[in-house]
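Novice: Next input, structure requested:
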Amino acid sequence: MAEKGEAPGAVLLIIRRGHDERVIEFGERALHVGLVDGGQLEVKTSEEAPPESVLATIAQTERGYILTPSPTSPPVAVNHLPVEGEALLQDGDRITFEGISAQLEFRVRRERWAHWKKALWWEHAERELRRWLRHDRTMRRKALVVVALLLGLVFVMWFVVNEYSLRVGIGELNEQLRQQE
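Specialist: Next up, the predicted model:
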């Protein structure tokens, strides 16, 4: 949830090795992110903006993704904390450029299909639930029959055990009476 005065949004960073990639910010304004030499991402206010208008760069290192704000840019914040020098970014961090607050999501190209698989799984689950709800009466009847059969089985077992116990008890009583005679 965005705080007052902030435009809500989300930035999806798709990292593709060796390919130029754009990142779109969903909100009232958009940010352009383009790949530059050395595998760094440049964050600008628009694609046509001059190189000196870069707000920040994002680089992938062995520690993770590092955000380095430009010395000439307005303040940049990560999770509402101003960044001085550099900041280690994590998936789900809130990043603020020029009043645009957005949540970061990192994805690698191969994970794109996992998203579709998850969506298809949810769609299948929803279809199964709708099918089950359509046949709700039939399912209730089947469930009632199963419960009745289970209760009947429990009752029969209780009766057999009690009858056996009663016969064993009567047999022991008869045996004791014979011994007393």
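Novice: mind giving me the domain split of this structure?
Specialist: The record's domain parsing of the chain by automatic domain parsing lists 10-112, 140-181.
Novice: So residue 60, which state does it fall into?
Specialist: The three-state label for residue 60, taken from DSSP: H, G, I helix; E, B strand; the rest coil, comes out as strand.
Novice: Going by mean pLDDT, which of the domains of the chain comes out lowest?
Specialist: Lowest mean pLDDT within the domains of the chain: domain 10-112, at a mean of 64.
Novice: Could you give the bridge partners of residue 87?
Specialist: When bridges are called by DSSP bridges, residue 87 pairs up with residue 67.
Novice: That one and residue 146, how far apart?
Specialist: Using C-beta to C-beta, to the nearest Å, residue 87 is found at 58 Å from residue 146. Yep, even glycine has a C-beta here, placed from its N, CA and C like the rest.
Novice: Please identify which of these two sits among more neighbours.
Specialist: Neighbours were counted for residue 87 and for residue 146 using other C-beta atoms under 10 Å; residue 87 has more, 22 against 10.
Novice: Quickly note the distance from that one to residue 158.
Specialist: On the measure of C-beta to C-beta, residue 87 and residue 158 end up 69 Å apart.
Novice: and the next element down the chain from the one helix or strand residue 122 maps to?
Specialist: Taking DSSP states H and E as the criterion, residue 122 maps to helix 112-134. Towards the C-terminus, the helix or strand next in line after helix 112-134, according to DSSP H and E, is helix 136-180.
Novice: helices or strands up against that next one?
Specialist: Under the contact criterion of 3 or more C-beta pairs under 8 Å, 6 or more residues apart in numbering; DSSP states H and E, the helices and strands touching helix 136-180 comprise an empty set.
Novice: again, only using 10 Å
Specialist: Where contact means 3 or more C-beta pairs under 10 Å, 6 or more residues apart in numbering; DSSP states H and E, helix 136-180 is packed against helix 112-134.
Novice: Would you mark the buried spots in stretch 89-98?
Specialist: 89, 93-97 (16 or more other C-beta atoms under 10 Å).
Novice: May I see those residues arranged in TSV, with secondary structure and distance to residue 140 as well?
Specialist: Formatted as TSV, these follow (DSSP: H, G, I helix; E, B strand; the rest coil; distance: C-beta to C-beta, whole Å):
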residue	secondary structure	distance to residue 140
89	strand	52
93	coil	48
94	strand	47
95	strand	51
96	strand	53
97	strand	56
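Novice: tell me which residues form a beta bridge with residue 101?
Specialist: In this structure, residue 101 has the following beta-bridge partners (DSSP bridges): residue 96.
Novice: Tell me how many other residues crowd it.
Specialist: Using other C-beta under 10 Å, residue 101 has 20 neighbouring residues.
Novice: I'd assumed residue 76 was in contact with it.
Specialist: No: shown here, residue 101 and residue 76 do not form a contact pair, counting by C-beta atoms under 10 Å, at 11.1 Å.
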